[in-house]
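J.: below is the sequence, then the predicted model.
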Amino acid sequence: MPETYRGRFAPSPTGPLHFGSLVAAVGSYVDAKSQGGQWLLRMEDVDAPRTVSGADDAILQALEDFGFEWDGEIVWQSQRLDAYAAALQELKTAGLVYGCACSRREIGDSAIRTAIDGGLVYPGTCRNGLPSGVAPRAWRLRTDNSEIAFDDRVQGRIAQKLENDVGDFVLLRADGQYAYQLAVVVDDAAQGITHVVRGADLLDSTPRQIWLQRCLGLTTPSYAHLPVACNTAGEKLSKQTLAPALNPAQAGAELVRALAFLGQHPPPELAASRCAEIWRWAFSHWNFDQIPRQRGICVDLENLQLSSACGSQLGS
Ligand code: GLU
């Protein structure tokens, strides 16, 4: 019997939903529902300093206003710290994780390469242990230079050599917060996620997540990284780039626009329909192969136009 499709949407409550997050929500939802799958919701509030009070409620309200229906209970990462601690302990016991005492500045002074995500490749200073009396600040996962490759359903084959491209990466930060990479891997496994559909800004994180899955003996889901929406300046829509919040009064038009962004061809008059009708159209007409194989696409939010491929900072 084929496994049941279990997809998810995992917003970070750092601000209200905008068009860029809507694209990820729509893509993951329609891909799951068009295949008779389930679609789960996870609030990624593991990074307490970045979490904005009330943003979680605003996101849930927006999803309801847009007619999304999720399966099962919402998972809140802030309530999953014991699971992250257990995973970290398992990795420590296996000797795969080590304490690191380097400050950001020390890493900056000694790193010689820029990592694939624009950060610095950690030079491995603390890999062989800390001098006595020196306390660890953060905990890092060991990497090596074996190739981690996967076939992304949208972006094709992606391969990295983590030691070279990223370096040993942090699982528990110096400020006591668990890193996104650890939380997402533990939670995707705990929720039985079979298909991850999300924005291409996370494409370069995926080999790290696959490495973590292997270290923890977890299965690797299938991945599809959708083009991310950028503004006309080529910047990813985000709170930092002042992307406007979605307007629920325009839900139909926004949904139709998100479907068009994903290469689907909704009839323009559908924009005036109720959300339920738009979802019915989307589930029955979803054509995955029409999703543009790009990491980013510019949108003119003023004129509701899609323009060219963009995003030099997105790597393509
Ligand atoms: N919480 C992440 C975000 O909002 C998404 C994580 C994921 O889908 O893996 O960008």
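T.: It's in. Numbers count the residues shown, from 1 in each chain.
J.: give me the contact list for stretch 98-109.
T.: By C-beta atoms under 8 Å, 6 or more residues apart in numbering, the surrounding residues in contact with stretch 98-109 are 110, 120, 122-123, 125-127, 129-130, 134-140, 142, 168, 170. The C-beta positions use only the backbone N, C-alpha and C, and glycine is treated the same way.
J.: sitting in strands, which of the residues you listed do you find?
T.: Ala138, Trp139, Arg140, Val170 (DSSP state E).
J.: quick check, nearest of these to the ligand?
T.: The nearest member of these to the ligand, counting by C-beta to the nearest ligand atom, is Val170 at 16.7 Å.
J.: for the ones in strands among the contacts of stretch 98-109, give me JSON lines that also has distance to Ala200 and neighbour count.
T.: Shown next, in JSON lines, are the ones in strands among the contacts of stretch 98-109 (distance: C-beta to C-beta, whole Å; neighbours: other C-beta atoms under 10 Å):
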{"residue": "Ala138", "distance to Ala200": "27", "neighbour count": "22"}
{"residue": "Trp139", "distance to Ala200": "28", "neighbour count": "21"}
{"residue": "Arg140", "distance to Ala200": "26", "neighbour count": "23"}
{"residue": "Val170", "distance to Ala200": "23", "neighbour count": "20"}
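J.: and stretch 213-220, how far from the chain's centre?
T.: 18 Å (C-alpha atoms, centre = their mean, to the nearest Å).
J.: how long is that stretch from one end to the other?
T.: One end of stretch 213-220 to the other measures 7 Å (C-alpha to C-alpha, to the nearest Å).
J.: cool, stretch 111-125 as well?
T.: Where stretch 111-125 begins and where it ends lie 10 Å apart, using C-alpha to C-alpha.
J.: got the buried residues for stretch 112-122?
T.: Neighbour-count burial for stretch 112-122, with 16 or more other C-beta atoms under 10 Å as criterion, is recorded at Ala115, Ile116, Asp117, Leu120, Val121, Tyr122.
J.: stretch 232-250 now?
T.: In stretch 232-250, counting by 16+ other C-beta under 10 Å, buried: Gly234, Glu235, Lys236, Leu237, Ser238, Ala243, Leu246.
J.: widest-spaced pair of the residues you listed?
T.: Gly234 and Leu246 (21.6 Å; C-beta to C-beta).
J.: so Leu96 sits right up against Arg142, yeah?
T.: Yes: in this structure, Leu96 is within contact of Arg142 by C-beta atoms under 8 Å, at 5.4 Å.
J.: in the stretch 151-300 of the chain, which residue sits nearest the ligand?
T.: For the stretch 151-300 of the chain, C-beta to the nearest ligand atom, closest residue to the ligand: Arg198, 3.7 Å.
J.: look up phi and psi at that residue.
T.: Main-chain torsions, Arg198, degrees, to the nearest 10: phi -160, psi -180.
J.: what's the helix or strand for the closest residue to it other than its chain neighbours?
T.: Distances taken as C-beta to C-beta, 6 or more residues apart in numbering put Ala24 closest to Arg198, at 5.3 Å, once the chain neighbours are dropped. Using DSSP states H and E, Ala24 maps to helix 19-34.
J.: quick one: that helix near the ligand?
T.: No: using C-beta under 6 Å from any ligand atom, helix 19-34 stays clear of the ligand, coming no nearer than 6.8 Å.
J.: what is the nearest of the buried residues of stretch 232-250 to Glu163?
T.: For those, the nearest to Glu163 is Lys236 (27.5 Å; C-beta to C-beta).
J.: verify the contact between the closest one and Ser21 for me.
T.: No: applying C-beta under 8 Å as the test, Lys236 and Ser21 come out as separate, 10.8 Å apart.
J.: low-confidence regions, the stretch 1-150 of the chain specifically.
T.: Low-confidence segments of the stretch 1-150 of the chain, defined by pLDDT under 70: 1-2.
J.: near the ligand, which residues of it are found?
T.: Residues of the stretch 1-150 of the chain lying near the ligand (C-beta under 6 Å from any ligand atom): Ala10, Pro11, Ser12, Glu44.
J.: run a quick neighbour tally on the first one.
T.: Spelled out, it's Ala10. Ala10 has 24 neighbours, counted by other C-beta atoms under 10 Å.
J.: who's in contact with it?
T.: Per C-beta under 8 Å, 6+ apart, neighbours of Ala10: Leu41, Arg42, Met43, Glu44, Val184, Asp187, Arg198.
J.: distance of it from Val299?
T.: 22 Å (C-beta to C-beta, to the nearest Å).
J.: mind jotting down where the strands sit in the stretch 201-316 of the chain?
T.: Under the criterion DSSP state E, counting those that start in this stretch, strands of the stretch 201-316 of the chain are mapped to 222-226, 228-230, 296-300, 305-309.
J.: for Pro16, which of those strands is the nearest?
T.: strand 228-230 (15.0 Å).
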